[in-house]
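# kindly return the folded structure for what I paste below:
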Amino acid sequence: GAYLPDKTLCVGLARLGQPDQCIKAGTLEELKDADFGSPLHCMVICGEVHDMELEALRPYLVENSKFVIDVEGSLFDREES
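Residues are numbered from 1 along each chain as shown. Coordinates of the predicted model:
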């Protein structure tokens with residue numbers, strides 16, 4: 001497949017624009033058991049991501065994600081660095 005569940009950056013979103021909206025970023029593996037609450041849900045599978053987009057995602061990385069986004073907005077694999 002084109003996407004690896006343990007290496008592909010994804011963003012899960014629920015109820016955008018509502019007071020209880022939920023946004024979480026991580027690998028497919030990390031997000032598969034994440035609790036997003038009630039619908040509506042959306043999953044974004046990322047390809048090449050600009051540094052500014054990564055900076056915007058930093059606060060939404062799941063706890064203990066394999067990804068680290070540094071202050072310049074660069075994405076690193078915690079396990080490879």
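# can you show me the helices along this structure?
In the chain, the helices defined using DSSP state H lie at 28-31, 51-57.
# count the neighbours of residue 7 for me.
14 (other Cβ atoms under 10 Å). Where C-beta positions appear, they are placed from N, C-alpha and C, glycine not excepted.
# cool, and residue 65?
For residue 65, the neighbour count with other Cβ under 10 Å is 18.
# how near is the closest residue to it other than its chain neighbours to residue 20?
Excluding the flanking residues, the one nearest residue 65 by Cβ to Cβ, 6 or more residues apart in numbering is residue 26, at 4.5 Å. The gap separating residue 26 from residue 20 is 20 Å, by Cβ to Cβ, to the nearest Å.
# comparing these two, which shows the higher neighbour count?
Taking other Cβ under 10 Å, residue 26 and residue 20 do not tie; residue 26 has more neighbours (23 against 8).
# who does the more buried one bridge with?
In this structure, residue 26 bridges to residue 10 when assessed by DSSP bridges.
# where does pLDDT dip in the protein?
Applying pLDDT under 70 to the chain picks out residues 1, 81.
# now do the strands in it.
For the chain, strands defined by DSSP state E occupy the ranges 9-14, 22-27, 41-45, 67-69, 75-77.
# just so I know, which of those strands lies nearest residue 57?
Among the strands of the chain, strand 22-27 comes nearest to residue 57, with 4.7 Å by Cβ to Cβ.
# angle of the closest one against strand 9-14?
Interaxial angle of strand 22-27 relative to strand 9-14 (axes from the mean of the first three to the mean of the last three Cα atoms, to 10 degrees): 160 degrees.
# contact partners of strand 22-27?
With contact meaning Cβ atoms under 8 Å, 6 or more residues apart in numbering, strand 22-27 is reached by 5-16, 31, 34, 36-37, 57, 60-62, 65-67.
# hang on, the earlier thing: same list (the strands of the chain) but as a markdown table, adding distance to residue 52.
Output for those, formatted as a markdown table (distance: least, Cβ to Cβ, whole Å):
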| stretch | distance to residue 52 |
| --- | --- |
| strand 9-14 | 15 |
| strand 22-27 | 15 |
| strand 41-45 | 16 |
| strand 67-69 | 11 |
| strand 75-77 | 12 |
